[in-house]
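In: Build me a structure from this.
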Amino acid sequence: MSTSTSPLLAGVGYERRDLGAMVDLLQHHGIDTVADVRTTTRSRKPDFAGSRLKAGLAAEDINYVHLRALGNPRDNRDGIRAGEPEAIARYEAVLDDQDGRAAVAQVVAMAHSGRVALLCYERDGSTCHRRLVLTAARELEPTLEITTLGDAAVA
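Out: Predicted structure coming up:
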């Protein structure tokens, strides 16, 4: 378990992980809050669906918040994974609308109160929209420590 209490914003994906492995990873990095940045909390992996995920994290004293405003539209996901400029621009527009800006500001505020992990499906953060959320958070608060958990991608 990490003993660091410095503010941190990290990205993490649950692809090829079970809930136990995810909790171990979060605890190792001293994560206090998981901010779910999926449009919907449904998942083919039952432990990562909505109330079940929230309950599993709560049992380990990890807070959970769903930030729907930071979700990537379903029909834009393949484009983000492929790094298509049009898909990236479309998601950046999501981040730049009123709800998106407010949600990024909420993420930054949460990170100043504890250690936060942005959760989505893709294990490789370089192919996920959460890297764009991390970039937007860094632009809003340049001194915030930003990293990824469990993959080699850099925000």
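In: Let me know the secondary structure of the most centrally placed residue in the chain.
Out: Centroid-nearest residue in the chain, with C-alpha atoms, centre = their mean: residue 118, separated by 1.6 Å. Assigned with DSSP: H, G, I helix; E, B strand; the rest coil, residue 118 falls in the strand class.
In: now residue 131
Out: Under three-state DSSP, residue 131 comes out as helix.
In: how close does it get to residue 10?
Out: Distance, residue 131 to residue 10, using C-beta to C-beta, to the nearest Å: 11 Å. (Glycine included, C-beta is placed from N, CA and C.)
In: Those two: which is more packed in?
Out: residue 10 (26 against 23; other C-beta atoms under 10 Å).
In: if I pick the more buried one, what's in contact with it?
Out: By C-beta atoms under 8 Å, 6 or more residues apart in numbering, the contact list for residue 10 reads 29, 31, 115-118, 146-149.
In: switch to 10 Å and redo it
Out: Residues in contact with residue 10 (C-beta atoms under 10 Å, 6 or more residues apart in numbering) are 25-26, 29, 31, 34-35, 111, 115-119, 125, 130, 134, 145-150, 155.
In: Compute the mean per-residue pLDDT across the one helix or strand it maps to, please.
Out: Using DSSP states H and E, residue 10 falls within strand 8-13. For strand 8-13, mean pLDDT is 94.
In: What strands line up against that strand, and which way round?
Out: strand 115-120 (parallel), strand 146-148 (parallel) (DSSP bridges).
In: can you pull the buried residues of the longest helix along the chain?
Out: What stands out as the longest helix in the chain, according to DSSP state H, is helix 98-113. Buried residues in helix 98-113, counted by 16 or more other C-beta atoms under 10 Å: 100, 103-104, 106-108, 110-111.
In: What mean pLDDT does that helix get?
Out: Rounded mean pLDDT across helix 98-113 is 96.
In: Let me know the angle separating it from strand 115-120.
Out: 140 degrees (axes from the mean of the first three to the mean of the last three C-alpha atoms, to 10 degrees).
In: for residue 91, what are its contacts?
Out: 70-73, 76-77, 79-80, 100, 129, 132-133, 136.
In: Equivalent analysis for residue 53, please.
Out: The contact partners of residue 53, by C-beta under 10 Å, 6+ apart, come to 14, 19, 22, 34, 36, 41, 43, 45-47, 64, 66, 119.
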